[in-house]
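In: make a model of this:
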Amino acid sequence: YCTMKMETGKGKCPFEPSQHYTAVMAGILYTAATSNFLGTMYDISRATGIEQERIRTEQSINWLSDPEFVSSAFIQEDEKNNPTGEDDKIYFFFTEVAKEYDLYAKVKVPRVARVCKSDVGGMKTLQRRWTTFLKAQLVCEDRASGQRFNVLTDVFTVQHQPGDPSSTHFYGIFTSQWEREELSAVCVYSLEEITKVMNGPFKELKKTCENWINPEPIPTPRPGQCLNSALMEQGFESSLKLPDKVLTFVRDHPLMENSVVAAPLMIRNGITYTKLAVTLTMASSGLKQHMTTVLHLGTDHGELHKVAVVGPNATLIEEVPLFSAQEPVNNILLYKALVGTPLSLVKLPIVGCSLYSTCEVCARARSLGCVWRHKEGDCALKYVTNKHSFTQKHIRTHRLSLPLFIVVTQLHLYFRPGEVVEADDLVRQCNKGEGKSDSGT
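Out: Here you go, the predicted structure:
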């Protein structure tokens, strides 16, 4: 038989759909949401499970300062390849008001925060609070122009090597707080880079002169670290056994000194991207193979853009208008070929290379494995998926999170290809053989 019990929704979901919220399942539910009706208090918490282990963030602006939660990800360690016994981790992505800048205007900064799955809080200090909460700034900056994108709007998590958690990368959509015109950028951060920053120096606000400095000394064991084999050998089998000086330090120093820095994969002027999904494929060019990152980007006007990224080159492959009304795309489910807005849902058939009807357009999709077959007069897929390729079953996607009280009012079962826009940074001429099948067919 099964039993049921009622639980409060506080801390598990927002009070209203307009409030920023994210959640992830890691055996039990981890959430980042507002904790009061007015939306002025915020928590990152373990929202279900044993009552004594439902812990949350400290109510301090040093921990969370007017955050706008964006995304979350559960990174589970590889049981067969974890020699140091590292704990599983949960990552949260958000934008908040920076407290480290002494400016009149409120400066927003994108953050990544991390907590550990085995964390159960402290014994005296940080009771029922995270003892492993650390956060770092994400920097998405175009070094050539000095343009920095400081507002994070969406994150997609994917493993570059399926089955290897250490190969996890986070692709994010950014905009700028300071730009009057629409502007969007996509940056990618590796789990390795984030881990390096989390293991680096801490930042501290010295109250006497309001300057941020590196705190010294750092107590032992290192504050904020997850449980591992080395800590357990020292007698710290649980966060409840951590010394008060360690817990006090991590309570007062949740921010890391260094930032996680990346240059944009692409920048688009005049467009606001709202949702992102990523697929990875191995494509061949002659005898060489290269990985192609395909960005599927939803806009605030109900369009879906596909961009292929190979090395430093980003090529806009297609722009597809999906909705008659200019609704913002807020969900992309690749494995079900669904794109959603708050009011509508579109089913996309898989069209592949056949979408590109001319040799020139097919050549621009060469990075996707497309080649032009002269005898047949069509564009077709050249490469064959092998054991190193990324197949549909490996794609991690976000769940469809339409609020329960919103009814899907439109279901479009058709597909209307949009105009394929030529990219400025990739020009190939079919008369030189670029984009053609090697067999000549």
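In: show me what contacts the spatially most central residue of the chain?
Out: Nearest to the mean C-alpha position of the chain, by C-alpha atoms, centre = their mean, lies V155 at 2.4 Å. Neighbour list for V155: 70-71, 73, 93, 170-173, 276 [criterion: C-beta atoms under 8 Å, 6 or more residues apart in numbering]. Every residue, glycine included, has its C-beta placed from N, CA and C.
In: and it, what are its bridge partners?
Out: Listed by DSSP bridges, the beta-bridge partners for V155 are G172.
In: over to V151?
Out: V151 forms beta bridges with T175, as assigned by DSSP bridges.
In: K347 and L338 touch, don't they?
Out: Yes: between K347 and L338 a contact is recorded at 6.2 Å, counting by C-beta atoms under 8 Å.
In: what lies in contact with stretch 91-109?
Out: 20, 22, 32, 44, 61-62, 64-73, 75, 110-115, 137-138, 150-152, 155, 170, 172, 177, 194, 203, 205, 210, 212, 255.
In: can you give me the buried ones in that stretch?
Out: Within stretch 91-109, the residues that count as buried by 16 or more other C-beta atoms under 10 Å are 91-98, 100, 107-109.
In: turn those residues into TSV, including pLDDT, secondary structure and distance to A314.
Out: Below are these laid out as TSV (pLDDT from 0 to 100; DSSP: H, G, I helix; E, B strand; the rest coil; distance: C-beta to C-beta, whole Å):
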residue	pLDDT	secondary structure	distance to A314
Y91	98	strand	25
F92	98	strand	28
F93	98	strand	22
F94	98	strand	26
T95	98	strand	24
E96	96	strand	29
V97	95	strand	31
A98	91	coil	29
E100	81	coil	32
V107	92	coil	28
K108	95	strand	25
V109	97	strand	25
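In: out of the residues you listed, what pair is the most spread apart?
Out: Across the buried residues of stretch 91-109, the longest distance by C-beta to C-beta is 22.8 Å; it joins Y91 and V107.
In: show me where this protein has its helices.
Out: Under the criterion DSSP state H, the chain contains helices at 191-198, 229-233, 244-252, 359-364.
In: against which helices or strands is the last one packed?
Out: In terms of contact count using 3 or more C-beta pairs under 8 Å, 6 or more residues apart in numbering; DSSP states H and E, helix 359-364 is assigned the packing partners strand 370-373, strand 378-381.
In: also the first one?
Out: With contacts defined as 3+ C-beta pairs under 8 Å, 6+ apart, the secondary structure elements packing on helix 191-198 are strand 108-116, strand 134-142, strand 168-175, strand 260-262.
In: repeat the analysis, applying 10 Å as the threshold.
Out: Identification of packing neighbours for helix 191-198 by 3 or more C-beta pairs under 10 Å, 6 or more residues apart in numbering; DSSP states H and E yields strand 68-75, strand 89-97, strand 108-116, strand 134-142, strand 168-175, strand 260-262.
In: ok, which of those strands comes nearest C226?
Out: strand 108-116 (3.7 Å).
In: next one: V112 from F69, what distance?
Out: 12 Å (C-beta to C-beta, to the nearest Å).
In: before we move on, what about R222?
Out: R222 is 27 Å from F69, by C-beta to C-beta.
In: ok, these two, which is more surrounded?
Out: F69 (25 against 13; other C-beta atoms under 10 Å).
In: list the contacts of the more buried one.
Out: 14, 19-23, 31-34, 42, 44, 92-96, 113, 152 (C-beta atoms under 10 Å, 6 or more residues apart in numbering).
In: in the chain, what helix or strand scores lowest on average pLDDT?
Out: When the helices and strands of the chain are scored by mean pLDDT, DSSP states H and E, strand 410-412 comes last with a mean of 27.
In: I'd like the helices of the chain laid out as JSON lines, including mean pLDDT and distance to Q159.
Out: Compiled in JSON lines, these are given as follows (pLDDT from 0 to 100; distance: least, C-beta to C-beta, whole Å):
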{"stretch": "helix 191-198", "mean pLDDT": "98", "distance to Q159": "9"}
{"stretch": "helix 229-233", "mean pLDDT": "94", "distance to Q159": "24"}
{"stretch": "helix 244-252", "mean pLDDT": "96", "distance to Q159": "29"}
{"stretch": "helix 359-364", "mean pLDDT": "78", "distance to Q159": "28"}
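In: low-scoring stretches of the stretch 1-150 of the chain, by residue?
Out: 1, 102 (pLDDT under 70).
In: before we move on, what about the stretch 151-300 of the chain?
Out: 205-216, 283-287.
In: domain-wise, how is this structure divided?
Out: Per automatic domain parsing, the structural domains of the chain span 22-262, 271-432.
In: nearest to T8, out of these?
Out: Taking the domains of the chain one by one with C-beta to C-beta, domain 22-262 is closest: 10.0 Å.
In: and the nearest residue to R251 once chain neighbours are set aside, what does it touch?
Out: Nearest residue to R251, sequence neighbours excluded (C-beta to C-beta, 6 or more residues apart in numbering): L126, at 5.8 Å. Neighbouring residues of L126 by C-beta under 10 Å, 6+ apart: 55, 58, 119, 132-133, 239, 242, 244, 246-248, 250-251.
In: which among these gets closest to P342?
Out: Each of the contacts of L126 was scored against P342 by C-beta to C-beta, and F133 proved nearest at 31.9 Å.
In: I'd say that closest one and I44 touch.
Out: Yes: F133 lies in contact with I44 (C-beta atoms under 10 Å); the separation is 7.2 Å.
In: ok, the residue nearest to T248 when sequence neighbours are not counted to Q225 distance?
Out: Excluding the flanking residues, the one nearest T248 by C-beta to C-beta, 6+ apart is T125, at 5.6 Å. From T125 over to Q225 the distance is 16 Å, taken as C-beta to C-beta.
In: more neighbours, those two?
Out: Neighbours were counted for T125 and for Q225 using other C-beta under 10 Å; Q225 has more, 21 against 18.
In: tell me the contacts of the more buried one?
Out: Shown in contact with Q225 (C-beta under 10 Å, 6+ apart): 86-87, 116, 131-132, 134, 198-199, 231, 236, 242, 246, 250.
In: now, of those, which are buried?
Out: Using 16+ other C-beta under 10 Å, the buried ones in these are 86-87, 116, 131-132, 134, 198, 231, 236, 242, 246, 250.
In: can you redo the residues you listed as JSON lines with distance to Q326?
Out: As requested, the buried ones among the contacts of Q225 are exported to JSON lines (distance: C-beta to C-beta, whole Å):
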{"residue": "E86", "distance to Q326": "46"}
{"residue": "D87", "distance to Q326": "45"}
{"residue": "C116", "distance to Q326": "43"}
{"residue": "T131", "distance to Q326": "46"}
{"residue": "T132", "distance to Q326": "43"}
{"residue": "L134", "distance to Q326": "40"}
{"residue": "M198", "distance to Q326": "40"}
{"residue": "L231", "distance to Q326": "53"}
{"residue": "F236", "distance to Q326": "55"}
{"residue": "L242", "distance to Q326": "52"}
{"residue": "V246", "distance to Q326": "52"}
{"residue": "V250", "distance to Q326": "46"}
